[in-house]
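Novice: how does the following fold in three dimensions:
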Amino acid sequence: MYKNLAATLVAACFFSPVFSQTTPAKGSVTEPVKAGFVYVSPITEAGWTRQHDEGRKAVEAALGNQVKTTFVENVAEGADAERVIRDLAATGHQIIFTPSFGYMEPTLKVAQDYPQVKFESITGYKTTPNVAAANARYYEGRYLAGIAAGRMSKTGVAGFVAGFPIPEVLQGINAFTLGMRSVNPQATVKVVWLNVWFDPPKERDAAMALFNQDVDVIAFHTGSTAVMAAAQERGKMAVAYHSDMRKTGPDAQIVAVTHQWGAYYTERVRAVQNGTWKSANLWGGVREGMIRVGDFGTRVPTAVQQEVLNAQKAVGAGKLQPFRAGKAPVRDNEGQERIAAGQALSDAQILQMNWLVEGVVGKVSR
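Specialist: The predicted structure follows:
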């Protein structure tokens, strides 16, 4: 399912993927490729949208005058998204990137009416001949961040501010908890659901509430830097997500889980330019250079940093799998066995995750 582009990605450099240029195919585009990007929130100094805009800038840096990019920010999922995507398709954009799960259906709808346009549904999972899907194994970075959090926490209680209980978020919470408990078996993670991706005041309030419950380190799956800012304000620790957020939390940040989209975006635009673009469904992680953990804060001891970096290498080499059980089975927080001893979840099982692991204080709203 995810093999179409894997060979290209794996051939890339480990932390800074560099895609090889291909010979232009017959009938390839000679004019600059017009590439459109649709963003679910404003472009802030860090966060989900910032990382995708960094990806867009990487395309421009790599292809120069061979590409012209356009972006529209702060586009709500649903009817607004369909309108914006349709407008980009109608104005000559040959490839359109739509990086938000809620853009998947609007993308598919517009793609039916513009079969000559290529669409990249980022975090979506449905494909058609002119719609590709791509996502990252965010959970790999979450597990690694959990190791750092487990080493740094004095209370053994972490917080997690989460958007929606979709599989991607559940994977992250579970991997983070497993990472923490790999170094502190008694660690717990308290979850607050926001039911929104981007709402800085709401994100901040949730973080503050968690800090009042013995939480001394916090992670989040939301779109702004509000949780990091709250940790800085309260003298607590936080794991940055999407971007390095040391500017926001110079004392709070212990580590960052960053997402690297530039190489993938460049390769896909280049494929349009060369006439070699094909629909595919990619799920890339540390190995492919799409997920990176680093940007340690000053309070993190060198030994902890090295432990995390060594674990990252093991993940990239396939020697460490967050969702593989050791000698004991992995159970959910209701006591049901989810991963048998010595076994690992398949990609299909990870993608359908709808449970919370033992150690998480919270429930999945169904």
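Novice: where in this structure is pLDDT low?
Specialist: Along the chain, segments meeting pLDDT under 70 span 1-29, 366.
Novice: let's see 80
Specialist: 1-30, 365-366 (pLDDT under 80).
Novice: okay, which residue is most central for it?
Specialist: Nearest to the mean C-alpha position of the chain, by CA atoms, centre = their mean, lies residue 138 at 4.5 Å.
Novice: now that one. Its backbone dihedrals?
Specialist: Backbone torsions of residue 138, given as degrees, to the nearest 10, read phi -60, psi -30.
Novice: now do the same contact list for it.
Specialist: By CB atoms under 8 Å, 6 or more residues apart in numbering, residue 138 lies in contact with 168, 171-172, 257, 259, 291. The C-beta positions use only the backbone N, C-alpha and C, and glycine is treated the same way.
Novice: which member of these is positioned nearest residue 158?
Specialist: Closest to residue 158 out of those is residue 172 (12.5 Å), distances taken as CB to CB.
Novice: hang on, that closest one in a strand?
Specialist: No - under DSSP: H, G, I helix; E, B strand; the rest coil, residue 172 sits outside any strand and is assigned helix.
Novice: where do the strands sit along the stretch 101-250 of the chain?
Specialist: Here the stretch 101-250 of the chain has its strands, by DSSP state E, counting those that start in this stretch, at 118-122, 131-136, 157-162, 188-193, 217-221, 237-242.
Novice: nearest to residue 313 among these would be which one?
Specialist: Across these, closest to residue 313 is strand 131-136 (CB to CB), at 17.9 Å.
Novice: who does the closest one touch, helix- and strand-wise?
Specialist: Strand 131-136 is packed against helix 104-113, strand 118-122, strand 281-284, with contacts defined by 3 or more CB pairs under 8 Å, 6 or more residues apart in numbering; DSSP states H and E.
Novice: could you pull out the buried residues of it?
Specialist: Buried residues in strand 131-136, defined by neighbour count with 16 or more other CB atoms under 10 Å: 131-136.
Novice: and what of stretch 244-255?
Specialist: Quick answer for stretch 244-255 (16+ other CB under 10 Å): 244-246, 248-249, 252-255.
Novice: before we move on, what about stretch 210-221?
Specialist: Going by neighbour count (16+ other CB under 10 Å), the buried part of stretch 210-221 is 210-211, 215-221.
Novice: same question for stretch 336-350.
Specialist: By 16+ other CB under 10 Å, the buried positions in stretch 336-350 come out as 338-339, 345, 350.
Novice: just the residues you listed: which are in helices?
Specialist: residue 350 (DSSP state H).
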